[in-house]
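J.: below are the sequence and a predicted model for it; my questions follow.
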Amino acid sequence: MDLSIAGHIATVTLDRPDVLNAVNTPMYRCLLAVFAKIEDAADVRCVVVRGRGRAFSVGADRTERATMTDDELRRRRRLVPRVFSAMYHCSRPVIAQVHGYALGGGLELALSCDIVVATQDAVMGLVETTLGTMPAGGGTQLLPRLVGLSRAKELIFTGRRFTGAEARQWGLVNNAVPAADLDASVGALAAEISAAAPLAVAQAKRAIDLSTRLEIDSGVELEAELYNRLLTSTDRLEGLAAAREGRSARFRGQ
């Protein structure tokens, strides 16, 4: 696992290219530690998660699983939801940069991010039912929210693989681009997010995420409460001043 921070953007790289970034227990633990570190990094405004080599991630490491006892597998299963929760609830926007393969738990890692940008030819799928199991990293909960119940059921029941281009048509990914454009597309999006006021982005993310669990009146009340917390922020005053003076705002996250 590799973490680098530059220009307010944290880049998390899944780094097991020899096994197409199959996720084993040490990688899950590293992801948990990395996202805890990101939460403590005041200068980080956006996170990019990507895979090194020929794939984003092909999912769980089957070689490791074959050597685990039932008790060891249960202990790891208690770890896995914590990892996906740390990603999903990260206070900064998280972008998944998907190329090659994103299968099973690998796709669930991407679905745990706020935004997914994939190559048009990326091969994706929640393939667990073809292996005698089911998605257990949030796939059954996140996929229906993105593509609807019927399509999610079809994709999960069959374990069917699909391309990044198809995923874009269904709304599973935000954008599907030629492979040669992936780095530039994700970089530009991360830079655009990082240029916005970080406190405002964080509060907006919280409001949006909670909207799926609240009825509309409660959601609007929460939105107003989160907005009120920004009224006296230095960033809000800077945004107003920049607009008045016709210049780019210089936000400081205060």
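T.: Received, thanks. Everything quoted here is computed from the prediction, not taken from an experiment. Numbers count the residues shown, from 1 in each chain.
J.: please make it C-alpha for all contacts and neighbour counts, starting now.
T.: OK.
J.: could I have the top helix by length along the chain exported to CSV, CA atoms only?
T.: Longest helix of the chain, by residue count under DSSP state H: helix 70-88. Coordinates of each C-alpha in helix 70-88 appear next as CSV, following Å, rounded to 0.1, in the frame of the first residue of the first chain:
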residue,chain,number,x,y,z
ASP,A,70,-13.0,-20.8,9.7
ASP,A,71,-12.0,-18.8,12.8
GLU,A,72,-9.4,-16.8,10.9
LEU,A,73,-11.9,-16.1,8.2
ARG,A,74,-14.5,-14.9,10.7
ARG,A,75,-11.9,-12.6,12.3
ARG,A,76,-11.1,-11.1,8.9
ARG,A,77,-14.8,-10.7,8.2
ARG,A,78,-15.0,-8.5,11.2
LEU,A,79,-12.2,-6.4,9.8
VAL,A,80,-13.6,-6.0,6.3
PRO,A,81,-16.7,-3.9,7.1
ARG,A,82,-14.5,-1.5,9.1
VAL,A,83,-12.4,-0.9,6.0
PHE,A,84,-15.3,-0.2,3.7
SER,A,85,-16.9,2.1,6.3
ALA,A,86,-13.6,4.0,6.7
MET,A,87,-13.6,4.7,3.0
TYR,A,88,-17.3,5.4,2.7
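J.: if you average the pLDDT over that helix, what comes out?
T.: What helix 70-88 shows for mean pLDDT is 86.
J.: what's the answer for stretch 234-254, then?
T.: Stretch 234-254 carries an average pLDDT of 88.
J.: pull the distance from that stretch to the chain's centre.
T.: Between the centre of stretch 234-254 and the centre of its chain there are 28 Å (CA atoms, centre = their mean, to the nearest Å).
J.: buried residues in it, which are they?
T.: D235, R236, E238, G239, A249, F251, G253 (16 or more other CA atoms under 10 Å).
J.: state the distance from E245 to G239.
T.: For E245, the distance to G239 (CA to CA, to the nearest Å) stands at 10 Å.
J.: oh sorry, the question was meant for T129
T.: For T129, the distance to G239 equals 50 Å [CA to CA].
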